[in-house]
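Participant: Structure for this input, please:
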Amino acid sequence: MTTQSDSMYNKASLFLLFSLFVGSSAFAQSQKLDIKKLTYQGLKYQSSQKQIEKTLGEAFRVYVPEEECGVLANKNPEAQISTLDYGFISFTGNEKTKFMLSELNFLLNPKAVVVYENSPISNQTNKQELIDLFGLDPEVVKEKGLFFWLENKDAYVFQFEDEKLARISYWSSC
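Facilitator: As a prediction, this is how the structure comes out:
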């Protein structure tokens, strides 16, 4: 039987593990990304469901995410959060707050391209190109990816595999 003390210990352990992970050489931390400048097929990182469906068609799957906290958590039953899943890309939100890009997996769709300030970003984009695009210090960028903090302590993570961009995903700090 799990006690409240055990639960608090588990949460503290997870937080410590994450802190070590983020603080390690695996991820660079930066504030240079203006997420509002990131688009996919003309869709802004936050778009209405109507705009998304007009551009991408009907989602393969629509579901309620199981986020406990962060901007993607279902805190208000009157404005339920849902995810529009297109396989390689997903948007999560509702009509009141709009749907934000929650994940783009370039490995599942090698032809996918996002645009940042008129610069294309794809599965062919390497770390050096992102360092140049975002104006990062090359000494800070390490092996696995880039972590861009948002105002609400959540982040977008740019992950690499074999020196190329593999995915962009939203991450919650809780």
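Participant: Which parts of the chain are helices?
Facilitator: Along the chain, the stretches classed as helices by DSSP state H are 4-23, 49-56, 127-134.
Participant: list the buried ones in the second one?
Facilitator: Taking 16 or more other CB atoms under 10 Å as the basis for neighbour counts, the residues of helix 49-56 that come out buried are Q49, Q51, I52, L56. No exception for glycine: its C-beta is placed from N, CA and C like everyone else's.
Participant: ok, so of these, who is nearest V113?
Facilitator: L56 (13.8 Å; CB to CB).
Participant: Can you read off the pLDDT for the closest one?
Facilitator: For L56, the pLDDT comes out at 97.
Participant: One more: T125?
Facilitator: You'll see T125 listed with a pLDDT of 94.
Participant: same question, the one 10 residues further on
Facilitator: Note for G135: predicted pLDDT of 81.
Participant: how long is stretch 93-112 from one end to the other?
Facilitator: Terminal residues of stretch 93-112 are spaced 22 Å apart (CA to CA, to the nearest Å).
Participant: Equivalent analysis for stretch 44-61, please.
Facilitator: Stretch 44-61 has an end-to-end distance of 21 Å (criterion: CA to CA).
Participant: who's in contact with it?
Facilitator: For stretch 44-61, the surrounding residues in contact (CB atoms under 8 Å, 6 or more residues apart in numbering) are 35-36, 38-39, 41-43, 83-87, 89, 91, 93, 95, 97-101.
Participant: Filter these down to the buried ones, ChimeraX style.
Facilitator: The buried residues among the contacts of stretch 44-61 can be selected in ChimeraX (16+ other CB under 10 Å) with this line:
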select :35,38,39,43,83,84,85,86,89,91,93,98,99,100,101
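Participant: on that earlier part again, got the buried residues of helix 49-56 as JSON lines, with distance to V113 columns?
Facilitator: What follows is the buried residues of helix 49-56, written out as JSON lines (distance: CB to CB, whole Å):
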{"residue": "Q49", "distance to V113": "22"}
{"residue": "Q51", "distance to V113": "18"}
{"residue": "I52", "distance to V113": "17"}
{"residue": "L56", "distance to V113": "14"}
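Participant: hmm, which two among those are most spread apart?
Facilitator: Most distant of the buried residues of helix 49-56, by CB to CB, are Q49 and L56, 10.6 Å apart.
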